[in-house]
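> Have a look at this prediction, sequence included:
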Amino acid sequence: MGNKYTTKRIFALTMFVVLAAMLAVHTLWAGNPSGSILFLDGRLVAAGIPGASAIAPVGTFLPGGPIPLHFAAYTQPGKVLDPKRILVGSTSNFGESLSDPSQLAGSFLSIDPTGGSLLIIPPHFAAGGGQASVLGGFVQMYSAQNRAFLNSINNPSAPTANFSGVSNPLGISINNAFGRLWPANAPHGLLGIGSSTILDPPGEPLAGAPNPIQIGGVYAGGLTNRKPQVIVGGLHTGVIGTAFMGHSPDGSTKAVFAVVCADGSIVQEHTLYGLDGLTPPGTISPVLAGPWNRGGNSENHAQPRAGVLLNYSPSRIL
């Protein structure tokens with residue numbers, strides 16, 4: 001947003017809600033008006049996913065967007081972005097070597113949930129790197145903390161060139177209308193700097209980025225702040241979620257996202273100009289402790305998850 005929009009933080013933002021859900025839910029239930037209980041039975045699709053975190057259906061990318069126009073092969077049946085597949089975040093690299101040993105491992109798997117049997121995922125199936133596949137293609141690597149998915153592949157001059165698209169992922173936003181996939185990461189734990197990335201179907205950070213010199217496809221810490229910033233802020237702690245807000249009203253026509261950090265702050269991502277602060281730490285309750293801080297996962301009980309949603313109608317509510 002330009003200077004004249006400083007006081008219009010996130011358009012007409014009126015409410016911010018963080019939604020918590022349990023990972024290991026066996027059955028969801030609710031009473032209907034007649035007083036009877038309705039059950040939604042689940043099915044175990046896959047096992048062997050350490051630190052399972054964000055889960056999202058791939059869905060259908062609308063015609064006219066960059067993925068149908070330039071990456072249609074990746075959306076065909078059996079491919080990594082087949083609409084019927086789901087993406088699941090993990091704290092494991094599944095055998096892929098780390099591109100940066102100082103950052104935490106992590107990946108997004110593309111899983112076909114339509115098979116009739118439980119998918120037991122081998123712990124090192126992706127040791128060869130890249131978008132590896134196993135179990136007859138029902139499980140594929142989408143992106144990981146591996147050299148095959150570095151920002152430098154398409155944006156070698158960006159200050160985040162040595163960041164990968166995924167590292168200890170905690171969230172994902174998919175823009176099926178005219179955009180791509182946006183993981184939210186805590187590469188140095190919840191207390192370290194966070195990253196928010198824009199990925200193409202090959203799992204690499206964005207090619208043809210609006211600003212390949214300052215950002216490319218990876219925002220991180222204070223490295224990709226707007227210069228100068230309209231409002232001070234940055235990804236100073238791990239990123240726990242993002243939400244697409246729409247086109248910027250500054251005339252650039254570029255996409256704008258809201259990013260929620262573990263310290264409870266909200267940051268604005270502009271695909272051309274970079275990061276601005278929106279609200280300070282503590283706007284929501286901070287999430288700075290627990291197993292997600294170091295890429296771990298509790299074996300004793302399910303952990304709450306945080307998500308970010310934007311409702312467009314009748315009013316914009318984040």
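Alright, I've got the coordinates. Numbering: from 1, shown residues only.
> remind me which residues of the stretch 151-300 of the chain are low pLDDT?
For the stretch 151-300 of the chain, the stretches with pLDDT under 70 are 290-300.
> Where do the helices of it begin and end?
Ranges of helices within the stretch 151-300 of the chain: none, based on DSSP state H, counting those that start in this stretch.
> What segments of it are strands?
Assigned strands in the stretch 151-300 of the chain, in chain order: 169-174, 181-185, 195-197, 218-220, 239-247, 255-261, 266-270, 274-279 (criterion: DSSP state E, counting those that start in this stretch).
> Now tabulate those in CSV and tack on distance to Val58 and mean neighbour count.
C-beta coordinates here come from the backbone N, C-alpha and C atoms, glycine included. Formatted as CSV, the strands of the stretch 151-300 of the chain follow (distance: least, Cβ to Cβ, whole Å; neighbours: other Cβ atoms under 10 Å):
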stretch, distance to Val58, mean neighbour count
strand 169-174, 7, 26
strand 181-185, 9, 29
strand 195-197, 17, 29
strand 218-220, 22, 29
strand 239-247, 16, 21
strand 255-261, 19, 25
strand 266-270, 22, 24
strand 274-279, 27, 22
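> Please produce a markdown table containing those, extended by distance to Phe39.
Formatted as a markdown table, the strands of the stretch 151-300 of the chain follow (distance: least, Cβ to Cβ, whole Å):
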| stretch | distance to Phe39 |
| --- | --- |
| strand 169-174 | 28 |
| strand 181-185 | 32 |
| strand 195-197 | 37 |
| strand 218-220 | 42 |
| strand 239-247 | 29 |
| strand 255-261 | 32 |
| strand 266-270 | 37 |
| strand 274-279 | 39 |
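> Out of the ones you listed, which is closest to Lys227?
Shortest separation from Lys227 across those is recorded for strand 274-279, at 7.1 Å, computed as Cβ to Cβ.
> Next, the angle from the closest one to strand 266-270.
150 degrees (axes from the mean of the first three to the mean of the last three Cα atoms, to 10 degrees).
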